[in-house]
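K.L.:
Kindly generate the corresponding structure for this input.
(4 chains)
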Protein chains: 2
Amino acid sequence: MKGGIILASTIRDVAARAGLSVGTVSKYINGKTVKENTRLAIEEAIKELDFHPNNIAKGLRNAKSFSVAILLPMLDSTFCTSMISSIESTLLPLGYSVIVCECHNNAEMELRKTQYLIDRMVDGIVLIPYASDGKQIEMIQKSNIPLILLDQEIQDHATDCIVLDNELAGYESTQRLIDLGHKDIAIITGSPNHYTSNGRLNGYKKAMTNAGLTITDDYIQCGDYCIDGGYEAMMRLCKLQKRPTAIFISNYDMTIGAYLAINYLRLKIPDDISVIGFDNFPLANVVNPPLSFAEQPTNVMGTEAGKLLYRRICGDYSDYPKTIMHKPTMHYKESIRQLT
Amino acid sequence: MKGGIILASTIRDVAARAGLSVGTVSKYINGKTVKENTRLAIEEAIKELDFHPNNIAKGLRNAKSFSVAILLPMLDSTFCTSMISSIESTLLPLGYSVIVCECHNNAEMELRKTQYLIDRMVDGIVLIPYASDGKQIEMIQKSNIPLILLDQEIQDHATDCIVLDNELAGYESTQRLIDLGHKDIAIITGSPNHYTSNGRLNGYKKAMTNAGLTITDDYIQCGDYCIDGGYEAMMRLCKLQKRPTAIFISNYDMTIGAYLAINYLRLKIPDDISVIGFDNFPLANVVNPPLSFAEQPTNVMGTEAGKLLYRRICGDYSDYPKTIMHKPTMHYKESIRQLT
DNA sequence: TTGTAAGCGTTATCAC
DNA sequence: GTGATAACGCTTACAA
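P.N.:
Numbers count the residues shown, from 1 in each chain, chains lettered A, B, ... in the order given. Alright, predicted model coming up:
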């Protein structure tokens, strides 16, 4: 207390109260051994003064902010929010708070916010990139802040990186439909040149080509990775003269949209159309018939990003740079059928 | 530079380089006027040394962390992610980074994370409460950290608070259906005793009672505020012997679920059932027929929370405590019809 | 207008 | 094992 204003007590107050020096108290707090007697004295003083260490002072001394940032393109996708959730769960218990920065699918803003985070002295960054030229990465690396790339790799930039084997996801989904006798197989994609969307599309093309099937432009519809994009894309596909007999929808949000369209058009799954969606759709097991989907282990990926970032923050670069590519898990349910 | 390790330059380096004192440089940086000559010298030194002020040191000196937190129940709801987005957009330009804390619908974790944020010395907190006993609020208020409640009020706890007029939303939606001649009107709600869900349910009941209509328990189905809960609730309603002719779905995520169920069951909107949903559903204008809904101005609410929090952080308590109750905007589209 | 120096709360390096 | 003291980078009286 000072001048009538109640101030939080400091380590100095604790030391005085316990009849010890600040050095000793600091050591105890940081886990070094002290004599039983002093331990008791300190603990009591801490309790009585309701002492909480000042993180900012700690940070100044250690040149750390005890915070990490997740910089992402847009908060409207299930993928991104799921990542925030698992990264926060992983890093908060380790003493790091998670700052969220959204660049609104805007490359210039992505750079601005990158600089902001550097100035803010975050201890680490998880980046779900928007721009693919790698400028953000260069800035972060120049500042020596540990960085984990999530969801996308960026060409010619060596970083730790956690991604899905997107091509495999596209390939396996499509191959399954081919195995079931389908030839008129459509895909709903994200924007052209989008990293994950391209990977999934390439898998689709590879499977089609391998099977000697023709790739029809009309059967490749962009749904912009969002609910209404998926809805619109599905509507376009169903209005084609020759409606596809099967479809692979390459992300979660578009799957919801496509599903709404299919139901709205009164198409019967799988009689009229076989469907494979993407990501662990909450509805997958609720809708009837259950939906087939390629599962991206979002939870594992986010947790892994958090853990790897923590190791880098702690200075463990033994396996740097590390790229972890996750395999999708395929779930085949009754939403797909054998074409006879 | 020191001992071969490249360190970020400090205000001291800038002062030395410019041939001035740190005090002068600090003043310039903080917007006080200096002589033209010194200004030029400082600017040049800053540029040459690529100087960025150290936020942590600044924070220690000013007893500020330049960060605010948003503490919320669960990241899986559109409402919450939308709030993060608008709060971040508002406060980042004002120099505050936004820390996200999720309590996973767990009251004990909510208290733990509240304490964490207090220890972390965030400069302000936006709370979307989970527990309704107000213990989190007491902790925050005791620590003198500015607090804005969002989405819910808590009884007997005076705080700044931004909410929707939930009862009005429920009332107007239901009343509209009544005006159209419906008598068998159902509602899909969140969990019992949930603040916003109860408000919306009360509005429903009020409208029904005012109109002299009987309230049937079967017509009040809990959908847990999530997609699959909405789906399941809708399925239950449609299996009733006497299916309702109209329905009000009291949040966004359940609206998606209910819609999937309706489409799956091949019910025609509005011929078989009239539907009013909730929140600015991306699909509202995409689905056919367009969906009627009660719009909660989430964007406005989040921005307002950010602005008000900033004012409190700046010490402006002129209108404390302030409760802002927003009116829903009703959008009536072709998803509802006159019952003849 | 500019310079000086104390201090924010911690940790680390010495001595003892 | 413990204590004294010097940093960490910045702001702010106060002095010049």
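
K.L.:
so is whichever residue of chain A sits closest to chain B in a helix, a strand, or just coil?
P.N.:
Closest to chain B within chain A is residue A:263: 3.0 Å, counting by CB to the nearest CB. Every residue, glycine included, has its C-beta placed from N, CA and C. Here residue A:263 is helix, with the state taken from DSSP: H, G, I helix; E, B strand; the rest coil.

K.L.:
tell me the domain ranges of chain A?
P.N.:
A:11-60, A:67-163+A:298-326, A:166-295 (automatic domain parsing).

K.L.:
Are the shortest one and DNA strand C in contact anywhere?
P.N.:
What it means is domain A:11-60. Yes: shown here: domain A:11-60 in contact with DNA strand C (CB under 7 Å from any atom of the strand) through A:11-12, A:22-23, A:26, A:29-30, A:51, A:53-54, A:57-58, A:60.

K.L.:
Just the buried residues out of the residues you listed, in ChimeraX syntax.
P.N.:
Buried residues within the residues of domain A:11-60 next to DNA strand C, by 16 or more other CB atoms under 10 Å in any protein chain shown, are selected in ChimeraX with:
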select /A:11,26,51,53,54,57,58,60
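
K.L.:
now the residues of domain A:11-60 next to DNA strand C in TSV, with pLDDT, distance to residue B:215 and secondary structure?
P.N.:
Listed next are the residues of domain A:11-60 next to DNA strand C as TSV, based on pLDDT from 0 to 100; distance: CB to CB, whole Å; DSSP: H, G, I helix; E, B strand; the rest coil:
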residue	pLDDT	distance to residue B:215	secondary structure
A:11	95	61	helix
A:12	94	64	helix
A:22	94	66	helix
A:23	93	69	helix
A:26	95	64	helix
A:29	94	59	helix
A:30	92	62	coil
A:51	93	55	coil
A:53	93	55	coil
A:54	92	55	coil
A:57	94	59	helix
A:58	93	57	helix
A:60	94	61	helix
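
K.L.:
Intersect the residues of domain A:11-60 next to DNA strand C with the contacts of chain B.
P.N.:
Residues of those in contact with chain B (CB under 8 Å from any CB of the partner chain): A:53, A:54, A:57, A:60.

K.L.:
Nearest residue to the residue of chain A closest to chain B in space, please, no chain neighbours.
P.N.:
Nearest non-adjacent residue to residue A:263, counting by CB to CB, 6 or more residues apart in numbering or on different chains: residue B:263, 3.0 Å away.

K.L.:
Look up how far residue B:19 lies from that neighbour.
P.N.:
Computed as CB to CB, to the nearest Å, the residue B:263 to residue B:19 distance reads 74 Å.

K.L.:
Neighbour count: these two, which is higher?
P.N.:
Using other CB atoms under 10 Å in any protein chain shown, the more surrounded residue of residue B:263 and residue B:19 is residue B:263, with 20 against 10.

K.L.:
Tell me who's in contact with the residue nearest to residue A:95 when sequence neighbours are not counted.
P.N.:
Nearest-residue entry for residue A:95: residue A:66, 5.8 Å, with adjacent residues in sequence omitted and distances by CB to CB, 6+ apart. Counting by CB atoms under 8 Å, 6 or more residues apart in numbering or on different chains, residue A:66 makes contact with A:55, A:58, A:59, A:95, A:96, A:97, A:123, B:120.

K.L.:
burial of the third one, as a residue count?
P.N.:
Which is residue A:59. Count around residue A:59 with other CB under 10 Å applied: 23.
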